[in-house]
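> Sequence and computational prediction follow.
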Amino acid sequence: MKSIVEFCSANMHHGTDQVMKKLEQDPELDVIEYGCLGNCGECYLFPYALVNGEIVAAETADELYEKIMASINEQQAERDALDKLLDDM
């Protein structure tokens, strides 16, 4: 299952446009840019994105990329563990 990473166009002044372009190169990700994600407080203060609907934020755009990848890996590990649990039932 592909992970979905969503960006707010108003957040690009934090450098998230470069993060988005980098993530778009990964065929395992669906990267989407919206005009607004409805998180104006976060959007104004720091770089952020939604990863499968969960807010991931950081101090810098580079750190945001690392946190997005960590979140994707963590969520995948949780899905794998749940699938294994269900298979064992």
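Yep, that arrived.
> the helices in this structure, which residues?
Along the chain, counting by DSSP state H, helices occupy 16-24, 40-45, 61-87.
> of all the ones you listed, which gets the most neighbours per residue?
Comparing those by mean neighbour count (mean count of other CB atoms under 10 Å), helix 16-24 comes out on top with a mean of 18. C-beta: built from backbone N, CA, C; applies to glycine.
> Which elements pack onto that one?
strand 3-8, strand 29-34, strand 48-51, helix 61-87 (3 or more CB pairs under 8 Å, 6 or more residues apart in numbering; DSSP states H and E).
> average model confidence for the third one?
Here strand 48-51 scores 97 as its mean pLDDT.
> cool, the longest one as well?
Taken as a whole, helix 61-87 has an average pLDDT of 91.
> And the residue nearest the centre of this structure?
By CA atoms, centre = their mean, the chain has its centre lying nearest to residue 51, at 3.2 Å.
> Bridged to it, which residues?
Residue 51 has the following beta-bridge partners by DSSP bridges: residue 5, residue 54.
> That one is in contact with residue 2, isn't it?
No - using CB atoms under 8 Å, residue 51 is not in contact with residue 2, being 11.7 Å away.
> buried stuff in stretch 24-38?
29, 31, 33, 37 (16 or more other CB atoms under 10 Å).
> so how far is it from its chain's centroid?
Put simply, stretch 24-38 sits 8 Å off its chain's centre (CA atoms, centre = their mean, to the nearest Å).
> Alpha carbons of that stretch, as PDB, please.
Taking Å, rounded to 0.1, in the frame of the first residue of the first chain, the C-alpha atoms of stretch 24-38 are listed here in PDB:
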ATOM      1  CA  GLU A  24       7.800  12.700  -5.700                       C
ATOM      2  CA  GLN A  25      10.800  10.700  -7.100                       C
ATOM      3  CA  ASP A  26       9.800   7.700  -4.900                       C
ATOM      4  CA  PRO A  27       7.300   5.500  -6.800                       C
ATOM      5  CA  GLU A  28       6.100   4.000  -3.500                       C
ATOM      6  CA  LEU A  29       4.600   7.300  -2.400                       C
ATOM      7  CA  ASP A  30       1.600   9.400  -3.500                       C
ATOM      8  CA  VAL A  31       2.600  13.000  -3.000                       C
ATOM      9  CA  ILE A  32      -0.100  15.600  -3.200                       C
ATOM     10  CA  GLU A  33       0.000  19.400  -2.900                       C
ATOM     11  CA  TYR A  34      -3.100  21.200  -1.700                       C
ATOM     12  CA  GLY A  35      -3.900  24.900  -1.500                       C
ATOM     13  CA  CYS A  36      -4.700  24.500   2.200                       C
ATOM     14  CA  LEU A  37      -4.700  21.600   4.600                       C
ATOM     15  CA  GLY A  38      -6.500  23.500   7.300                       C
END
